[in-house]
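Visitor: model the following, please.
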Amino acid sequence: MTTLNFPSQAVRETWIEPFDNGEDIRAHSGFRLAIDARDEVEYPVQILATTTAVSVLVSPETVGLPGVAVAATEEGLRAALSAAGIAMNGADNLFFLPQGQKARLAAAANDDNVRRLTSEDGAAFAVFAAAAPAEDFAEAFVALDHWAVFGAFDGNRLVSVGSAFPFGGSATVADLGVVTLPAARGKGRAKSVIEALVRHALSEGFEPQYRCQLDNTSSVILAGKSGFERLGTWDVSARSDGTSAERSTP
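Guide: The predicted model follows:
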């Protein structure tokens, strides 16, 4: 795969190197299909697509399904997987911060109306969660018991909450998500919360990662306003234990 404008070692170890490894089945014209040779394969299928290449990892069991090993394009692979009854989750955008943006955000201070939340904020969070659209929580997976949680207040009322957790058990990448009440949108609250999460993640030695579904236009815009740049997209099948891959702790 081509070298991208994300020099962080954490990004390389989490996203670039795993897709450069494995046993090649097919590799040509910007499309690589390989067997995931790691001892524990979490997803039977993973597809990472950047502007220059599509790289696919499949489990040893998946490669034996009809049409998979001979697939020469992403479209052909997806057709073979669908015919075999393997459903994909739907691609996520993957966003990361260039070095300059990380330095800018690390040097700034949190907005006055933003602070870290604790278990003592349970009542305020419960009121917030009851008022927020359920589909927003399903998409962003924000929870008060996550590794780090920050909230923006309007007076004593929580209007935007973001949380982060180590992605895939990683000790280097923190996955971020944010939910904002509809009436509080368009006022920079979500951006302030995301930036506070970024500062905290960086202070703890983590690489901030922002993911969202391709059709979540407002989330894509928020990522850009917060300084993130798109690495590519990532799509997976259900995990090997049968569970899906929403923005939950992998």
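Visitor: how about the protein, which residue sits the furthest from its center?
Guide: Taking C-alpha atoms, centre = their mean, the residue of the chain most remote from its mean C-alpha position is Gly155, at 31.0 Å.
Visitor: which helices and strands does the biggest helix by length in the chain pack with?
Guide: Scanning the chain for the longest helix, with DSSP state H as the assignment, gives helix 189-203. The helices and strands touching helix 189-203, judged by 3 or more C-beta pairs under 8 Å, 6 or more residues apart in numbering; DSSP states H and E, are helix 99-107, strand 114-116, strand 148-154, strand 157-166, strand 173-180, strand 207-213, helix 217-225. The way it works is simple: take the backbone N, C-alpha and C, and place the C-beta from them, glycine included.
Visitor: what packs against the second one?
Guide: For strand 114-116, the helices and strands in contact under the criterion 3+ C-beta pairs under 8 Å, 6+ apart are strand 148-154, helix 189-203.
Visitor: for Ala49, which of those is the nearest?
Guide: With C-beta to C-beta, the closest approach to Ala49 among the helices and strands packed on strand 114-116 belongs to helix 189-203: 24.1 Å.
Visitor: my guess is Ala49 contacts Leu231, does it?
Guide: No - taking C-beta atoms under 8 Å as the contact criterion, Ala49 and Leu231 are not neighbours in contact, 9.9 Å apart.
Visitor: buried residues, stretch 151-169. List them.
Guide: Using 16 or more other C-beta atoms under 10 Å as the burial criterion, the residues of stretch 151-169 that qualify are 151-153, 158-167.
Visitor: contact partners for the spatially most central residue of the chain?
Guide: The residue lying closest to the centre of the chain (C-alpha atoms, centre = their mean) is Arg211, at 3.1 Å. For Arg211, the residues meeting the contact criterion (C-beta atoms under 8 Å, 6 or more residues apart in numbering) are Asp92, Asn93, Leu94, Phe95, Asp175, Gly177, Trp234, Arg247.
Visitor: pick the one among those residues closest to Leu222.
Guide: Ranked by distance to Leu222 (C-beta to C-beta), those are led by Phe95 at 9.7 Å.
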